[in-house]
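Asker: I'd like to go over a predicted model; first the sequence, then the structure.
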Amino acid sequence: MTYHCIIVGGGIAALQLAHHLKQDMKILVLVKKTIRSGNTYRAQGGIAAAIGKDDSPTLHYEDTIRAGGDFHNYKEVANLVKEGPTLIEELLQQGLSFDHGSDGRIALGMEGAHSRNRIVHCGGDSSGKWVAEHLIRMQKPDLDIRENRFVFELIIDPSSKRCIGVKAIDEDGHIETYYGRHIILATGGVGGLYEHTSNDPSITGDGIALAYRAGADIVDMEFIQFHPTLLTGDNRMVGLVSEAVRGAGGRLVDNAGRPVMEGKHPLGDLAPRHIVAHEVFRLRAQGEEVFIDISSIDNFQKQFPTITELCEGNGILIKKGMLPVAPGCHFLMGGIAVDSVGRTTVLGLYALGETAATGVHGANRLASNSLLEGLYYGRKLALFLNELPEELLLFEPDSQMWTNSIAEAALPMQDEIRRKMMQHAGIIRSGAGLEELFQWLDRYNCDVPLEGKSISDMQTIFMLQTAKLIAKSAFLREESRGAHIREEFPAESRHFGNTHIIQSRNGIEMRDRHREYDQITIYA
Ligand code: SIN
């Protein structure tokens with residue numbers, strides 16, 4: 001079957017892309033679970049946009065750079081924040097209704113590291129669900145969405161080296177082959193590789209493993225954000241407690257009720273996420289419990305219906321006013337290297353949203369910039385693809401060649417990967433721990449054909465592959481920057497501040513940061 005565009009993933013970036021593509025394009029969306037099961041759908045935070053009277057894109061830009069450890073693609077950040085208000089206006093024009101304050105204006109929430117109230121929400125802390133439902137409603141009626149499809153291979157035409165399609169396997173083990181002119185990966189981040197995460201557990205970096213196996217450049221995989229406040233119940237993480245709760249007055253306290261962030265950062269509870277996560281992690285490692293004291297927040301249940309439901313479902317009493325929290329993996333800032341429209345280094349292959357490293361988040365994403373990123377790049381890529389001339393797709397279908405014949409070790413349990421990632425590539429990392437991790441990971445050969453394997457084995461191989469990329473990159477970056485904290489290199493380094501760590505099937509390259517992504521040789 002041949003399509004104009006095949007989109008792998010069904011979150012905000014994928015839906016925004018599909019919506020903005022030309023009416024007459026034949027589009028296929030393949031999702032691993034269901035269109036309503038990804039990270040967008042569970043996003044509690046809203047969309048950051050400089051629409052307040054006291055705000056400007058310049059202030060939003062400055063906050064983004066400050067929170068992200070000044071490791072951004074500045075041009076991309078500038079364009080993103082400039083477009084924020086237009087994207088909100090577009091959603092309004094389409095009929096999406098944002099939450100309003102008592103003054104009748106759109107309510108603007110506060111989250112960590114923002115200098116202004118600039119987060120728009122819908123349905124309180126259910127923004128992701130509302131935006132996703134809105135975008136699903138906006139799709140063309142003939143959009144072909146196929147759920148429960150695990151995409152396990154990108155098909156590369158051997159003569160042109162162009163990505164021309166995908167192979168997917170359905171729940172019953174049937175293999176399907178789809179061809180398309182443009183293949184877009186929008187599979188989200190890597191939270192499901194970690195024992196503790198705010199992500200849907202199915203989000204395991206599949207797009208990154210696929211792109212790597214197909215020869216694309218993967219960049220700065222060490223930059224992974226840990227959210228400081230996942231709700232804990234019975235010693236497990238049961239969901240997220242949005243930063244908006246601290247924005248509304250919630251305070252982090254220890255067992256004895258002492259404020260956790262006092263004296264730790266000028267922004268206190270609303271310090272950049274990595275700083276708060278580090279502090280909560282440090283206290284819990286000493287055996288302390290950490291809570292968010294919500295007693296000062298009026299109408300908590302009404303403002304935060306999703307968190308209320310999570311608490312009720314896990315026996316946590318809201319009326320006690322103390323929500324037990326711990327940090328967990330939240331967001332990937334690195335990913336597949338792309339240029340300013342989302343082209344990867346493989347012809348015909350694109351990446352969008354959290355899967356892509358656009359350079360807008362630097363080393364640590366500013367709260368609520370991710371839904372904004374999905375909206376911005378989803379539309380931008382659509383406008384780019386809409387303008388491309390129609391060309392005939394001529395190809396010689398052939399799967400990638402896997403020549404490695406090393407005997408395969410029995411695969412580990414997926415939970416073992418998650419535990420090891422949390423332990424060694426988690427909030428605080430050490431060279432020794434990372435070395436132990438990648439030596440363990442290297443026992444497993446990922447360079448193998450997947451057809452004929454079970455979905456679970458394919459999934460484990462992808463998890464191992466993406467974990468290797470994270471472990472190697474985290475080991476090589478000998479500095480602490482943004483969300484990447486190295487025990488033995490506690491400060492930022494000037495050298496690494498100018499260095500991207502690029503991995504591909506050709507090896508590892510340390511590349512000068514000031515050669516921005518859109519200046520790299522695409523399609524080399
Ligand atoms: C949150 O609501 O705390 C998460 C939002 C985000 O990650 O941007």
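Answerer: Perfect, I can see it now.
Asker: what is the mean pLDDT for stretch 163-174?
Answerer: The average pLDDT for stretch 163-174 rounds to 96.
Asker: How about the secondary structure of the nearest residue to K161 once chain neighbours are set aside?
Answerer: Among residues not flanking K161 along the chain, L347 sits closest, at 6.1 Å (CB to CB, 6 or more residues apart in numbering). Every C-beta, even on glycine, is put in place using the N, C-alpha and C of the backbone. Counting by DSSP: H, G, I helix; E, B strand; the rest coil, the backbone at L347 sits in coil.
Asker: tell me which parts of the protein are close to the ligand?
Answerer: Counting by CB under 6 Å from any ligand atom, the chain comes close to the ligand at 44-45, 242-244, 367-368, 370.
Asker: now these as CSV including secondary structure and pLDDT?
Answerer: As requested, these are exported to CSV (DSSP: H, G, I helix; E, B strand; the rest coil; pLDDT from 0 to 100):
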residue, secondary structure, pLDDT
Q44, coil, 93
G45, coil, 90
S242, coil, 94
E243, helix, 93
A244, helix, 92
A367, coil, 95
S368, coil, 97
S370, helix, 97
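Asker: Neighbour count added to those residues, as a markdown table?
Answerer: Shown next, in a markdown table, are the residues of the chain next to the ligand (neighbours: other CB atoms under 10 Å):
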| residue | neighbour count |
| --- | --- |
| Q44 | 24 |
| G45 | 23 |
| S242 | 30 |
| E243 | 27 |
| A244 | 25 |
| A367 | 28 |
| S368 | 27 |
| S370 | 30 |
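Asker: Now the two most distant members of the residues you listed.
Answerer: A244 and S370 (14.1 Å; CB to CB).
Asker: which residues does the residue nearest to K161 contact?
Answerer: 160-163, 523 (CB atoms under 8 Å, 6 or more residues apart in numbering).
Asker: Mind picking the two most distant members of these?
Answerer: C163 and Y523 (10.9 Å).
Asker: Report the set of residues contacting both of the two.
Answerer: Listed as contacting both C163 and Y523 by CB under 8 Å, 6+ apart are 346-347.
Asker: Just want to know which of those two has more residues nearby.
Answerer: Counted by other CB atoms under 10 Å, C163 and Y523 do not tie: C163 has more neighbours, with 29 against 12.
Asker: hang on, isn't the more buried one packed against R343?
Answerer: No. Between C163 and R343 there is no contact under CB atoms under 8 Å: 10.8 Å.
Asker: re the thing from before, closest one of the contacts of L347 to K140?
Answerer: C163 (24.0 Å).
Asker: what about that closest one, distance to V338?
Answerer: 14 Å (CB to CB, to the nearest Å).
Asker: ditto for W130
Answerer: 28 Å.
Asker: now what about the helix or strand containing V238, what contacts it?
Answerer: Assigned by DSSP states H and E, V238 belongs to strand 236-240. Here strand 236-240 makes contact (CB under 8 Å, 6+ apart) with 42, 44, 196-198, 227, 229-232, 306-307, 310, 313-314, 326, 328, 330.
Asker: Go again with 7 Å.
Answerer: Residues from elsewhere that reach strand 236-240 (CB atoms under 7 Å, 6 or more residues apart in numbering): 44, 196, 198, 227, 230-232, 310, 314, 326, 328.
Asker: Where do the helices of the stretch 401-524 of the chain begin and end?
Answerer: Counting by DSSP state H, counting those that start in this stretch, the segments of the stretch 401-524 of the chain that form helices are 414-424, 431-441, 455-476, 494-497.
Asker: give me every residue that touches the residue of the chain found nearest the ligand.
Answerer: At 2.4 Å from the ligand, G45 is the closest residue in the chain, using CB to the nearest ligand atom. Residues in contact with G45, defined by CB under 7 Å, 6+ apart, are 111, 119, 127, 242-244, 367-368.
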